[in-house]
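*Asks:* coords please:
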Amino acid sequence: MDINEIPQDDSKIFRGQKKVIYATQNGHYKPGTTTGWDTEAFVTEQAVEEFNQLTNEALDAVKRGEKSPLFYYMYRYRFDLPTLAQTTGLWQWQIKRHFKPSVFAKLSNKVLGRYAEVFGVSMEKIKHV
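*Replies:* Got it, this is the predicted structure:
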């Protein structure tokens, strides 16, 4: 995209801020700014709504005792299983096991600390919803 064609749709998700993107000018990539564009805003709003729905469903599952608080926090802080595994350095199958309340209750402080650090919450908070 040419630097002069960068959309400037004043997206509400940017809240008056600008975003730097790279576009071409005279055949070379240069940084340019945008106030957003409608397509990006639409997709972002859909993604946020999906995470909100997943968070609510996860909270219900935790309250019913089907899942551990980790399952809720994963969605609350906008992670999915692959991203959480990559960020914590744990295998996906390990995290899936940690979703089980009985397994989660036996986790060491070291493992709980990894999750707490990733989510930016205390270890005490990670134990409860």
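
*Asks:* Quick one: neighbours of V62, just the number.
*Replies:* When neighbours are defined as other CB atoms under 10 Å, V62 has 20 of them. Where C-beta positions appear, they are placed from N, C-alpha and C, glycine not excepted.

*Asks:* Packing partners of the helix or strand that contains it?
*Replies:* Here V62 sits within helix 38-63, counting by DSSP states H and E. Helix 38-63 is packed against helix 69-76, with contacts defined by 3 or more CB pairs under 8 Å, 6 or more residues apart in numbering; DSSP states H and E.

*Asks:* List the buried residues for the helix or strand following the helix it packs on?
*Replies:* For helix 69-76, the following helix or strand on the C-terminal side (DSSP H and E) is helix 81-88. Within helix 81-88, the residues scored as buried using 16 or more other CB atoms under 10 Å are 84-85, 88.

*Asks:* Could you do stretch 51-67 as well?
*Replies:* By neighbour count on 16+ other CB under 10 Å, the buried set for stretch 51-67 is 51, 54-55, 58-59, 62, 67.

*Asks:* so who does R114 touch?
*Replies:* Residues in contact with R114, defined by CB atoms under 8 Å, 6 or more residues apart in numbering, are 88-90.

*Asks:* Domain parsing of the protein, as residue ranges.
*Replies:* The chain breaks down into these domains under automatic domain parsing: 3-36, 40-126.

*Asks:* okay, how far is it across the longest one, tip to tip?
*Replies:* According to CA to CA, to the nearest Å, domain 40-126 extends 33 Å from its N-terminal end residue to its C-terminal end residue.

*Asks:* Spatially central residue in this protein, please.
*Replies:* R78 (2.3 Å; CA atoms, centre = their mean).
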